[in-house]
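Chemist: Next input, structure requested:
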Amino acid sequence: MSKPKGFEKPAGVRDYLPRAVAKLRKIENDVLHCMSRWGYRQMITPTLEYYDTVGVASSTSDQKLYKLLNNRGQALVLRSEMTAPVARVVSSLLKDEPLPLRLSYHANVFRAIEEEAGREAEFFQTGVELVGDDSPEADAEVVALAISSLQAAGVKSFKIAMGHVGFLDGLFQEAVAGLPEAQEELKSHLLGRDYVAFRETLRRLELSEAQKNELDGLLRLRGGKEICGQALELSSHPLARASIEHLCKVWEVLVSYGVSRHVLIDLTMIGDFSYYTGMTFEGYASELGFPVCSGGRYDNLLQQFGRAVPSTGFSLKTNRILDGVSGVPEEEELPVLIQYDATRRTEGLEEALRLRAEGRAVVTRLAAEPGDLKAVERLSADKLEADGVQYAEIYTFVSFVSEHG
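Modeler: Residues are numbered from 1 along each chain as shown. Next up, the predicted model:
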C-alpha cells in the first residue's frame, strides 16, 4: 500500500472552499428556518454512535458503515444517516415529552464507498422527523414541508414521486404468493429502477398470464390522483387496498396545502423496502438525474430502541443541491477594508469595531509606514480593490489622509 502524498485526501471526501461554504450555509440556514416555521425544533446528535444500537438500526447496509473500535474494544460507527440517531434520542432523552414530536437537523453523514464508484463518502443532510402520528395528515405534512424546504433551498423546478410500500407488499403477496425469493428479486429491481430486469424476471417466473399482466401493470401506475383508482382495480388484496386508500387521503391533504402540482403518484416507488413501512417519496430537481430529497414512513424503527411509536420524515441531500442546482443564489458579501499606518492605527481599529457592530464584514491591515508618501498616494487612490481583492468600501487612515474611497 503506497503512502499518500502530502495533499491527498481519502476517496469520497472533499474540501469546500469559501464560496461553496457560503452557498452551503445559506441553503442550510434557509431550510432550517423554513422547518422552524412549521414547528420543528433543531437537534444535534454525535458523529460517533455504538454499532450495536444505532449501527444495526440504521437503514444503511452493514457493508457501507464506517466501523471502528474505541479504547475499550467496543464497536462504533460514524453516523450514516440521521433517522436512527434521532430515534435513539426520542426513545431516551425525549421519552417524557408529549407526542407528536417535530424535530429537525443538519449534519454530515458517512458511508463507505467503492473508490471507483465516484460517490461521496461524506455528505450533508438537512431533514425532519415527525414522531407519534400515523395519520395521512402527518404523511402529507412531511411531503408539503419537503416541497417548502426545496423552495427555501432555491430549487426552482422539481417533482416529488410518492408511493406506498404496503401496496407493493399486498400486490406481491397476491400475485407471487408463496415465492418470497421472487418477491424480493422483483422489489430489488424496482428499487434499482431496472424495469427491463423486472420484466425479464416476470417472464421466467412460473406464473399465470393474469398474474404476469397484473404485475406488469404496476409499471404503468404513475400519474395524478387517477392512479389510485387504477391501483384499486389492479389488486384486491386487503393490504394493497388499504395502502391505496391511505395514499388517496394523503393526496387530498396535499391538494388542500396547494402543492399537489409538485407531486405525482408512482406506485413503483419502494424506497428501502427493509426500512420503510408505508408512504415513501423522492424529490427530483429538473437539472439532476438523482434525488435531492427522500423520505417516508418507518413505523418499526423506534421499537428497536424500546419505544413503539409511528414516525415519518425526510431529508434533503444538501450538497447535491449545492453542486447541481443552478437556482441557488450565490450571495457573497464583500467586506470593507480599513487600512492604516502606525500613527493612526487606533482610529482605524475603532472604526472597524463600529462597522462590525453594525453587522458589516471588515478586514484591517497596516498598509503604510509613517512618512511613506508614495504609499500614502497609492492608498488614497479612488478604487475598491487592493492587492487584487475586491471590497465593498475602503477606508484609509494614514498621515495626511482622512477619507474613504
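Chemist: Give me the distance between residue 84 and residue 300.
Modeler: 12 Å (CB to CB, to the nearest Å). (Glycine included, C-beta is placed from N, CA and C.)
Chemist: meant to ask about residue 60
Modeler: Between residue 60 and residue 300 the distance is 16 Å, computed by CB to CB.
Chemist: Could I get the full set of strands for the stretch 301-405 of the chain?
Modeler: Along the stretch 301-405 of the chain, counting by DSSP state E, counting those that start in this stretch, strands occupy 311-317, 336-341, 362-368, 385-386, 389-390, 393-398, 401-404.
Chemist: Hmm, I typed the wrong one, I wanted the stretch 101-250 of the chain.
Modeler: Assigned strands in the stretch 101-250 of the chain, in chain order: 101-110, 122-131, 158-164, 222-223 (criterion: DSSP E, counting those that start in this stretch).
Chemist: okay, how far is it across stretch 58-65, tip to tip?
Modeler: The stretch stretch 58-65 measures 9 Å between its terminal residues, going by CA to CA, to the nearest Å.
Chemist: just to revisit the earlier point, need the strands of the stretch 101-250 of the chain in CSV (columns: distance to residue 35).
Modeler: Formatted as CSV, the strands of the stretch 101-250 of the chain follow (distance: least, CB to CB, whole Å):
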stretch, distance to residue 35
strand 101-110, 4
strand 122-131, 6
strand 158-164, 17
strand 222-223, 29
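Chemist: Nearest to residue 252 among the ones you listed would be which one?
Modeler: strand 158-164 (12.9 Å; CB to CB).
Chemist: can you pull the buried residues of that closest one?
Modeler: Within strand 158-164, the residues that qualify as buried are 158, 160-164, counting by 16 or more other CB atoms under 10 Å.
Chemist: Export these as a markdown table, with columns for distance to residue 134.
Modeler: Shown next, in a markdown table, are these (distance: CB to CB, whole Å):
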| residue | distance to residue 134 |
| --- | --- |
| 158 | 27 |
| 160 | 20 |
| 161 | 22 |
| 162 | 17 |
| 163 | 17 |
| 164 | 13 |
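Chemist: Residue 245: which of those residues is nearest?
Modeler: Relative to residue 245, and with distances defined as CB to CB, the nearest of these is residue 164, at 9.9 Å.
Chemist: does that closest one really touch residue 246, like I thought?
Modeler: Yes - Residue 164 is in contact with residue 246 according to CB atoms under 8 Å; the separation is 6.8 Å.
Chemist: Pull up the overlap in contacts between these two.
Modeler: Counting by CB atoms under 8 Å, 6 or more residues apart in numbering, the contacts common to residue 164 and residue 246 are 278-279.
Chemist: so where's the stretch 51-200 of the chain shaky on pLDDT?
Modeler: Flagging of the stretch 51-200 of the chain using pLDDT under 70 yields the residue ranges 114-118.
Chemist: Helices of that one, start to end?
Modeler: Remark: helices of the stretch 51-200 of the chain, listed N- to C-terminal, are 56-57, 83-90, 136-152, 165-175, 180-191, 195-204; assignment by DSSP state H, counting those that start in this stretch.
Chemist: which residue is nearest the middle of this protein?
Modeler: Taking CA atoms, centre = their mean as the criterion, residue 316 is the residue nearest the geometric centre of the chain, at 2.1 Å.
Chemist: wait, what's in contact with that residue?
Modeler: When contacts are taken as CB under 8 Å, 6+ apart, residue 316 is in contact with 31, 125-127, 146, 149-150, 153, 292-293.
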